[in-house]
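>>> okay, here's the prediction I keep looking at, along with the sequence it came from:
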Amino acid sequence: MPAISRDEVAHLARLARLAVTAEELDVFAGQLDDILQAVARVGEVAADDIPPTSHAVPLTNVFREDVVRPGLSQQQALSGAPRAEDGRFRVPRILGEE
């Protein structure tokens, strides 16, 4: 007996606001049943002596240590700017602001 019925697929389609035809309901019911059976098979294989994992390979943090370092002063940052005004970068207007 299928794990998911045609009516359940129709209900899921309504919840997801998907328009499906009568033929698609039958196809989707079969496909979803296959998926549920495959997931059930994976659950049968899992053994108590195997720890759960979230990744197939171990992950390590690749970020550098967060160390405070001195930055540029406002004058140093603006020294290479093509235009500066009132202590800020001056850029061309791109929006029709009033």
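Arrived safely. Residues are numbered from 1 along each chain as shown.
>>> please enumerate the strands of this structure.
All strands of the chain, identified by DSSP state E, fall at 84-85, 88-89.
>>> and the contacts of the helix or strand of the chain with the lowest mean pLDDT?
Lowest by mean pLDDT, DSSP states H and E among the helices and strands of the chain is helix 22-45, with a mean of 87. Applying CB atoms under 8 Å, 6 or more residues apart in numbering, the contact partners of helix 22-45 are Pro2, Ala3, Ile4, Ser5, Arg6, Glu8, Val9, Ala10, Ala13, Val20. No exception for glycine: its C-beta is placed from N, CA and C like everyone else's.
>>> farthest-separated two in those residues?
Using CB to CB, the pair of the contacts of helix 22-45 lying farthest apart is Ala3 and Val20, separated by 18.7 Å.
>>> closest one to Pro58 among the strands of the chain?
strand 88-89 (43.9 Å).
>>> which residues does the closest one contact?
Outside strand 88-89, the residues that touch it by CB under 8 Å, 6+ apart are Leu78, Ala81, Arg83.
>>> so how far is it from its chain's centroid?
Put simply, strand 88-89 sits 36 Å off its chain's centre (CA atoms, centre = their mean, to the nearest Å).
>>> now stretch 84-98
35 Å.
>>> next: stretch 11-27.
Centroid separation for stretch 11-27 versus its chain: 25 Å, with CA atoms, centre = their mean.
>>> remind me which residues of this structure are low pLDDT?
For the chain, residues meeting the criterion pLDDT under 70 lie at 1-2, 46, 97-98.
>>> the residue nearest to Ala84 when sequence neighbours are not counted: how many residues sit nearby?
In space, and not counting its chain neighbours, Ala84 is closest to Leu78: 4.3 Å by CB to CB, 6 or more residues apart in numbering. By other CB atoms under 10 Å, the residues close to Leu78 number 16.
>>> cool, and the one 4 residues further on?
The number of residues packed around Pro82, counting by other CB under 10 Å, is 8.
>>> how close does Ala16 get to Ala10?
11 Å (CB to CB, to the nearest Å).
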